[in-house]
Every structure is written in structure tokens, then in C-alpha cells.
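In: What follows is a predicted protein model with its sequence.
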Amino acid sequence: MSRVCLDAGIISLYYQKDPPQKILDLITAIQEGQILAFTPGVILVEVFKHLCIAGGKDYATSCLRSFLHNIRPKLTELTPELILIAGLFKCQYRNKISYNDSIIIATALKEKAILHTTEKNLPLIRHLQSVSYTF
């Protein structure tokens with residue numbers, strides 16, 4: 001089974017009006033059990049912010065509840081090991097990636113998952129496989 005790690009941009013775009021077909025297909029495959037999805041729980045704070053700006057607090061709350069109940073990603077936690085790995089990436093690429101990017105990259109590598117992201121300029125990181133979405 002394929003393993004993916006979803007960043008905030010992918011989740012946010014899924015709940016926006018007219019999401020890209022590529023994202024709809026990805027989420028459908030996750031829901032059908034063809035793909036196992038991981039998302040660091042802390043990333044959902046960023047998702048909530050994007051959805052709240054787009055549609056308000058109630059909309060953001062409804063979307064996140066839907067995401068957790070209907071799509072059912074494996075939520076990962078910030079373990080001491082993950083904190084160290086993410087911190088190292090943030091230190092090495094401090095001017096190129098955000099804190100959330102460092103966490104999502106570390107999670108994708110730890111879970112041996114392909115990172116699905118809306119980031120356009122991720123640095124080349126050994127063993128990191130990624131799929132970038134444009135909108």
C-alpha cells in the first residue's frame with residue numbers, strides 16, 4: 001500500500017471551492033483504503049487558520065471534523081526523535097523552509113511516505129520523495 005504525508009496546503013485546498021482534480025483523486029484513494037495517509041497533528045493548526053480565513057470559524061471547525069472523521073489520516077505526534085529531526089532540517093534550511101515544513105518533511109521520512117505538498121521550492125533532501133501541487 002502506498003504511503004503519503006499530507007501537508008497543510010493539500011488539506012486546505014481539498015476543502016476550498018473547486019479543488020484540483022489531482023487532490024480529489026488523492027483523497028478518494030485515501031478514503032477507499034488504497035493509500036495510507038499521515039499528517040502531523042500540529043499541521044492541522046495551519047489548516048484551521050487557512051480554512052478560517054476562507055470561510056470563518058464554523059467552516060474551519062466543520063472541515064477539520066470532516067477530515068478527521070471521513071478521511072481518517074494517521075495523526076502523528078511530535079516525539080523527541082521527530083523534534084530533533086525536524087529541528088535539524090530547520091537549522092540546515094532555515095531560510096528555505098518553515099517550521100511546519102520541517103515537521104512535515106521529518107514525518108514523511110520517518111513514515112517512509114511520499115510528501116504531497118503545495119510548496120514549490122523545497123530543497124533537495126536525501127531520501128525525500130515529494131509530489132508538488134500547483135493551484
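Out: Received, thanks. Numbering: from 1, shown residues only.

In: Please make it C-alpha for all contacts and neighbour counts, starting now.
Out: Fine.

In: Tell me where the protein has strands.
Out: Listed in chain order, the strands of the chain (DSSP state E) span residues 2-6, 35-40, 74-76, 114-117, 130-132.

In: Next, format these as TSV and append distance to residue 99.
Out: Shown next, in TSV, are the strands of the chain (distance: least, CA to CA, whole Å):
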stretch	distance to residue 99
strand 2-6	15
strand 35-40	12
strand 74-76	16
strand 114-117	14
strand 130-132	18
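
In: Generate a markdown table for those, with mean pLDDT and mean neighbour count as supplementary columns.
Out: Conversion of the strands of the chain to a markdown table gives the following (pLDDT from 0 to 100; neighbours: other CA atoms under 10 Å):
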| stretch | mean pLDDT | mean neighbour count |
| --- | --- | --- |
| strand 2-6 | 98 | 21 |
| strand 35-40 | 98 | 22 |
| strand 74-76 | 97 | 15 |
| strand 114-117 | 98 | 23 |
| strand 130-132 | 95 | 15 |
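
In: which ones are touching residue 5?
Out: Residues in contact with residue 5 (CA atoms under 8 Å, 6 or more residues apart in numbering) are 37-39, 104, 107-108, 113-116.

In: State the distance from residue 88 to residue 10.
Out: Using CA to CA, to the nearest Å, one gets 24 Å for the distance from residue 88 to residue 10.

In: can you give me the helices for this protein?
Out: Applying DSSP state H to the chain gives helices spanning 8-14, 21-31, 43-55, 57-66, 80-92, 99-110.

In: Put together CSV for the ones you listed, with mean pLDDT, mean neighbour count and distance to residue 127 on each row.
Out: Below are these laid out as CSV (pLDDT from 0 to 100; neighbours: other CA atoms under 10 Å; distance: least, CA to CA, whole Å):
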stretch, mean pLDDT, mean neighbour count, distance to residue 127
helix 8-14, 97, 22, 21
helix 21-31, 97, 15, 22
helix 43-55, 97, 17, 22
helix 57-66, 98, 16, 30
helix 80-92, 97, 16, 13
helix 99-110, 97, 22, 7
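
In: got those as TSV, with distance to residue 132 columns?
Out: Listed next are the helices of the chain as TSV, based on distance: least, CA to CA, whole Å:
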stretch	distance to residue 132
helix 8-14	9
helix 21-31	11
helix 43-55	17
helix 57-66	22
helix 80-92	19
helix 99-110	13
